[in-house]
Each structure stands twice: as C-alpha cells, then as structure tokens.
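Student: based on what follows, work out the 3D shape:
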Amino acid sequence: MRRDFKKGQSILEYTLLLGAVITVIVVALFGGVKGKIKGAYDKAGDAIQNTTDDLTAGIFKE
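Tutor: The predicted structure is shown next:
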C-alpha cells in the first residue's frame, strides 16, 4: 500500500529556518553592527547634551 504524502514544509524545515533566523540575529547583536549602533546612539546623545549646554549658557538668548 502506498501512502500519499502531503506537499509542504515539514517540522524539520521550519526548525532549520528558525535556526537560521536566530543565527542572523545573534551575529547582528554580537558582531560589528552592535558597535555601529552604539556609536550612533552616543553621537546623538552628545549632540543633545551640547545643545542643552548651549541653551543654558545663554548663547541663544538675546
């Protein structure tokens, strides 16, 4: 007797796909991307701090 198999993804294929997605996320977080994100965050923070210091120092007051 021959069984008819359904076409489509099996649980193994879904597991492999999930593993690949998790790998990409881990590499992005612990790889070079983390440093670039931190650098951009620090640069934005410095710009906000400088603007605040300028405002409190009276540069923009008339």
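Student: next one: the host helix or strand of Lys38 to chain centre, how far?
Tutor: In the assignment (DSSP states H and E), Lys38 maps to helix 32-57. How far helix 32-57 lies from its chain's middle: 18 Å, per CA atoms, centre = their mean, to the nearest Å.
Student: check which helix or strand covers the closest residue to Lys34 other than its chain neighbours.
Tutor: Spatially, and ignoring its direct neighbours in sequence, Lys34 is nearest to Ala28 (7.7 Å; CB to CB, 6 or more residues apart in numbering). (Each C-beta comes from the backbone N, C-alpha and C, glycine too.) If you go by DSSP H and E, Ala28 is part of helix 11-30.
Student: by mean pLDDT, point me to the weakest helix or strand of the protein.
Tutor: helix 32-57 (a mean of 86; mean pLDDT, DSSP states H and E).
Student: between that one and helix 11-30, how many degrees?
Tutor: Using axes from the mean of the first three to the mean of the last three CA atoms, to 10 degrees, the inter-axis angle of helix 32-57 relative to helix 11-30 is 40 degrees.
Student: next one: the residue nearest to Lys34 from Gly39, what distance?
Tutor: Distance of Ala28 to Gly39, computed by CB to CB, to the nearest Å: 15 Å.
Student: how many other residues sit next to Val21?
Tutor: Val21 has 10 neighbours, counted by other CB atoms under 10 Å.
Student: wait, I meant Ile11
Tutor: 7.
Student: so how far is Gly19 from it?
Tutor: Distance from Ile11 to Gly19, by CB to CB: 12 Å.
Student: swap in Asp46?
Tutor: Applying CB to CB to Asp46 and Gly19 gives a distance of 39 Å.
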